[in-house]
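Asks: requesting a structural model of the entry that follows:
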Amino acid sequence: MADAPPNILLALTDQERYDVSAPDGPLVETPAMDRLAAAGMRFTNATTPTSICTSARASLLTGQFPHGHGMLNNHHEADAIRSNLDPEIPTFSQRLAEAGYALTYTGKWHVGHEATPEKFGFAYRGGSDDHHDDALDDAFARYREERGLPLGEIEFSDAIYTAGEDGTLVAATTPVPIEATRAHFLADRTIEAIDAHAEGDVDRSGDGDADAGRPFFHRADFYGPHHPYVIPEPYASMYDPADVSLPASYAETFDGKPRAHEQFLRYRGVADFDRETWREVLAKYWGFVSLIDDEFGRVIDALADHGLEDDTVVVHTADHGDFVGGHRQFNKGPLMYDDTYRIPLQVRWPGEIEPGTTCEAPVHVHDLAATFCELADVSVPESFHARSLVPLLSGRRPHAWPDSTFGQYSGEEFGLYTQRLVRTERYTFVYNGPDVNELYDREADPAQLQNLIDHPDYADVRRELADRLVAWMDATDDPYRTWVPKTFS
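Replies: Down below sits the predicted model:
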């Protein structure tokens, strides 16, 4: 590990599936992500602790599973259990700020209305939106106005909506130029932050004292490829729906599955979406991924322009995935499949990571919190449910490294709905409080179509995974650890 703490750039996408940047995934153009993986390490078994935006983002900050930090569902909704992440909970960002890092932030926050990035050690440089962040600023509107770009209502083409009187916009083509997209704006804001760091011109405190010579941490949170998948040309027509292959899980019948799975189709308004509609939606989703990838590429190039490549650890990951027709579903919800729990993770660390390496060890996205602490040479808070990835990045898997990851879901919109997940190299086991549990053999059934929970040949597997889940609940003080084990007896 280098003597001086490195700069760190974290690019977090919103609802990006693992497969879109995987070598064996669909033919989606992601040259920036591919370049990052080729120069560093790609993780094949990274998972989110939960497929809810607020909860996952709070986990990334605090290094804890949602039941630890308390942000169990989206803070902006009417059913929010908490509206703000408690600033008293230790976070990696506060540790880095105390250690002298200059921290900046652009884009989506979504961890509280009042508990904004400044309360967690960041200098916020804009890019929020009204829906997610309660108008932290109006920088995007000013950006478009200054450039003579469209403001107000814009007429979309090829629009696809969910069913119902107040159907949700799923996908469309926008007539605005690339420069008027939020992805381009956030890349510009991030590049401006990198420029300022390179010039030692970041004032965190507002007292005019710039942070010249200090290592920096910048976090860029893109608003996509979360729906609505509304994109301009050439991305809107980059992928021909006729060439799009639907995921194997589109063959879902819901036989032997929890009732909520099929009910969720109607709740989301996509029960009548046919193959042609989903191909059109997927084509737009892929185009959105390519748009963000190109903007991410501009950010990586900015590091090179300032000669910062060798001194900066670059991380790309996502808060969680997206169904986009997988299991015939839209968005995410009370379904703990790989579509939404397996996420991309690529890390470049010049001089430390062997270029082009792949890590198959199971990791959580909130393990990054502990990783950032170790990179900055600061202690990892005892409250973290996280392990530093630094040994893995160095090509060494500790003997005691876990061979499974865990997840949880507490509900949102559709209703509170308790779930727990354990995922191993081969199996996925899901505890569903109100309904049937789930067991999938992903080696025999990668699409997770057949629930094997009652299959006699898998009785030993079921018991072993249930025991593993209970042990994790005990180790992390999960409040449901008292009751859940009784359902496995």
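Asks: from here on, just use CA atoms for contacts and neighbour counts.
Replies: Fine.
Asks: any low-confidence regions in the stretch 301-450 of the chain?
Replies: Along the stretch 301-450 of the chain, no part satisfies pLDDT under 70.
Asks: where do the strands sit along it?
Replies: Under the criterion DSSP state E, counting those that start in this stretch, the stretch 301-450 of the chain contains strands at 312-318, 342-343, 345-348, 357-359, 363-364, 404-411, 416-424, 427-432, 438-441.
Asks: and of those, who's closest to Asp188?
Replies: Proximity to Asp188, assessed across those by CA to CA, is greatest for strand 312-318 (17.3 Å).
Asks: partners of that closest one in the sheet?
Replies: Applying DSSP bridges, strand 312-318 is found paired with strand 7-13 (parallel), strand 345-348 (antiparallel).
Asks: winner for burial among those?
Replies: Across the strands paired with strand 312-318, averaging neighbours per residue (mean count of other CA atoms under 10 Å) puts strand 345-348 on top, at a mean of 26.
Asks: just the C-alpha atoms of that one, please, in PDB.
Replies: Taking C-alpha atoms only, strand 345-348 is exported to PDB below (Å, rounded to 0.1, in the frame of the first residue of the first chain):
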ATOM      1  CA  LEU A 345     -18.200  -3.200  -8.700                       C
ATOM      2  CA  GLN A 346     -15.000  -2.200 -10.400                       C
ATOM      3  CA  VAL A 347     -12.000  -0.700  -8.700                       C
ATOM      4  CA  ARG A 348      -8.800   0.800 -10.200                       C
END
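Asks: list the contacts of that strand.
Replies: With contacts defined as CA atoms under 8 Å, 6 or more residues apart in numbering, strand 345-348 is touched by 33, 36-37, 39-44, 46, 313-318, 355.
Asks: just to revisit the earlier point, of all the strands of the stretch 301-450 of the chain, which lies closest to Leu246?
Replies: That would be strand 342-343 among these, by CA to CA, at 18.1 Å.
Asks: for that closest one, which outside residues touch it?
Replies: Strand 342-343 has contacts (CA under 8 Å, 6+ apart) with 16-18, 45-48, 317-321.
Asks: need the longest helix for this structure.
Replies: Ranked by residue count, the top helix of the chain under DSSP state H comes out as helix 275-305.
Asks: now the angle from that helix to strand 7-13?
Replies: Calculated by axes from the mean of the first three to the mean of the last three CA atoms, to 10 degrees, helix 275-305 forms an angle of 170 degrees with strand 7-13.
Asks: mind listing what's buried in helix 275-305?
Replies: By 16 or more other CA atoms under 10 Å, the buried positions in helix 275-305 come out as 278-303.
Asks: output the below-cut-off pLDDT ranges for the stretch 1-150 of the chain.
Replies: Those would be 1-2, 78, 80, 127-137, 150, if you go by pLDDT under 70 across the stretch 1-150 of the chain.
Asks: can you map out the strands along it?
Replies: Taking DSSP E, counting those that start in this stretch as the criterion, the stretch 1-150 of the chain carries its strands at 7-13, 41-43, 46-47, 102-107, 123-124.
Asks: export the ones you listed to a markdown table and tack on distance to Val365?
Replies: Formatted as a markdown table, the strands of the stretch 1-150 of the chain follow (distance: least, CA to CA, whole Å):
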| stretch | distance to Val365 |
| --- | --- |
| strand 7-13 | 10 |
| strand 41-43 | 11 |
| strand 46-47 | 6 |
| strand 102-107 | 18 |
| strand 123-124 | 22 |
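Asks: which of the strands of the stretch 301-450 of the chain sits closest to Pro90?
Replies: Counting by CA to CA, Pro90 lies closest to strand 363-364 out of the strands of the stretch 301-450 of the chain; the figure is 18.1 Å.
Asks: by contact count, what packs against the closest one?
Replies: strand 46-47, strand 404-411 (3 or more CA pairs under 8 Å, 6 or more residues apart in numbering; DSSP states H and E).
Asks: may I have the strands that pair with that strand, each with its orientation?
Replies: strand 46-47 (parallel).
Asks: part of a strand, is Ala220?
Replies: Yes - Ala220 forms part of a strand when assessed by DSSP: H, G, I helix; E, B strand; the rest coil.
Asks: so what's the residue count around it?
Replies: Neighbour count of Ala220, defined by other CA atoms under 10 Å: 27.
Asks: can you tell me the centre-most residue of the chain?
Replies: Compute the mean C-alpha point of the chain, and by CA atoms, centre = their mean the closest residue is Asp319, 1.5 Å away.
Asks: isn't it right next to Ser59, touching?
Replies: No - checked against CA atoms under 8 Å, the pair Asp319 and Ser59 is beyond contact range at 9.5 Å.
Asks: flag every buried residue along stretch 68-86.
Replies: Buried-residue list, stretch 68-86, by 16+ other CA under 10 Å: 68-76, 79-86.
Asks: okay, and which of these map to helices?
Replies: 68-69.
Asks: how many neighbours does Arg328 have?
Replies: 25.
Asks: quick one: contacts for it?
Replies: 249-252, 265, 270-271.
Asks: any of those residues buried? List them.
Replies: Buried subset of these (neighbour count, 16+ other CA under 10 Å): 249-250, 252, 265, 270-271.
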